[in-house]
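Student: Sharing a model that was predicted from the sequence below.
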Amino acid sequence: IAGITQAPTSQILAAGRRMTLRCTQDMRHNAMYWYRQDLGLGLRLIHYSNTAGTTGKGEVPDGYSVSRANTDDFPLTLASAVPSQTSVYFCASSDYPSGRSSYEQYFGPGTRLTVT
Amino acid sequence: QKEVEQDPGPLSVPEGAIVSLNCTYSNSAFQYFMWYRQYSRKGPELLMYTYSSGNKEDGRFTAQVDKSSKYISLFIRDSQPSDSATYLCAMSAGNQFYFGTGTSLTVIP
């Protein structure tokens, strides 16, 4: 593994179903993030984690939950999917708050989710 | 009002042209300013970042920040077809990042 991996690559999900998007990084970065990207709205932060064991809400957290049990993994769960959650989801990490690259975020390849 | 405003384009230029991409913002607390490049169906990748006001040059790319006007720019010299992508500006104050909607650029050979 090099960088950030996300799974699945794409998914079609029936409304009301529960879904977990997986994200794993191998850079030992402290901070991890989940964004959704929608046409005309850009990247919007859903949840973030500054370090293992802590999480915080971003701009659009409703309907999503996260956990950070260890440094490498940061899963995003949709408890009961709705069509408005159709989007491309990106996981990212950074070496915040320490390191020269504190403000560089590394992004995964994304998960394309369609909720029908 | 959104935190960051960016013209979505699309922008189409001939190969070799100078490209200017711009963003404006409203939050005076932003201190770090970044430009990301995103190819189709890929994740964004960082091109450049600048702290506070001033210019930063990296090869064919120059980033400018004018905090007094709350305005940032990315210039691409001698544009190449491989520069065709969506360019996202981003800003931060602390550990939260705010992104523009992205400008789609096509460089025509």
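Tutor: That came through, no problem.
Student: Strands of chain A, residue ranges please.
Tutor: Under the criterion DSSP state E, strands of chain A are mapped to A:4-7, A:10-13, A:19-25, A:31-38, A:42-49, A:56-57, A:64-66, A:76-78, A:87-94, A:106-107, A:111-115.
Student: Show me which residues of the fifth one are buried.
Tutor: Residues of strand A:42-49 classed as buried under the neighbour-count rule (16 or more other Cβ atoms under 10 Å in any protein chain shown) are A:42-49. Glycine gets a C-beta too; all of them are placed from N, C-alpha and C.
Student: can you check the first one too?
Tutor: Residues of strand A:4-7 classed as buried: A:4, A:6 (neighbour count, 16+ other Cβ under 10 Å).
Student: before we move on, the earlier item: need the strands of chain A in TSV (columns: distance to chain B).
Tutor: As requested, the strands of chain A are exported to TSV (distance: least, Cβ to the nearest Cβ, whole Å):
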stretch	distance to chain B
strand A:4-7	8
strand A:10-13	10
strand A:19-25	11
strand A:31-38	6
strand A:42-49	4
strand A:56-57	8
strand A:64-66	15
strand A:76-78	15
strand A:87-94	5
strand A:106-107	3
strand A:111-115	8
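Student: got these as JSON lines, with distance to B:Pro44 columns?
Tutor: Shown next, in JSON lines, are the strands of chain A (distance: least, Cβ to Cβ, whole Å):
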{"stretch": "strand A:4-7", "distance to B:Pro44": "12"}
{"stretch": "strand A:10-13", "distance to B:Pro44": "18"}
{"stretch": "strand A:19-25", "distance to B:Pro44": "15"}
{"stretch": "strand A:31-38", "distance to B:Pro44": "9"}
{"stretch": "strand A:42-49", "distance to B:Pro44": "7"}
{"stretch": "strand A:56-57", "distance to B:Pro44": "21"}
{"stretch": "strand A:64-66", "distance to B:Pro44": "20"}
{"stretch": "strand A:76-78", "distance to B:Pro44": "17"}
{"stretch": "strand A:87-94", "distance to B:Pro44": "7"}
{"stretch": "strand A:106-107", "distance to B:Pro44": "5"}
{"stretch": "strand A:111-115", "distance to B:Pro44": "15"}
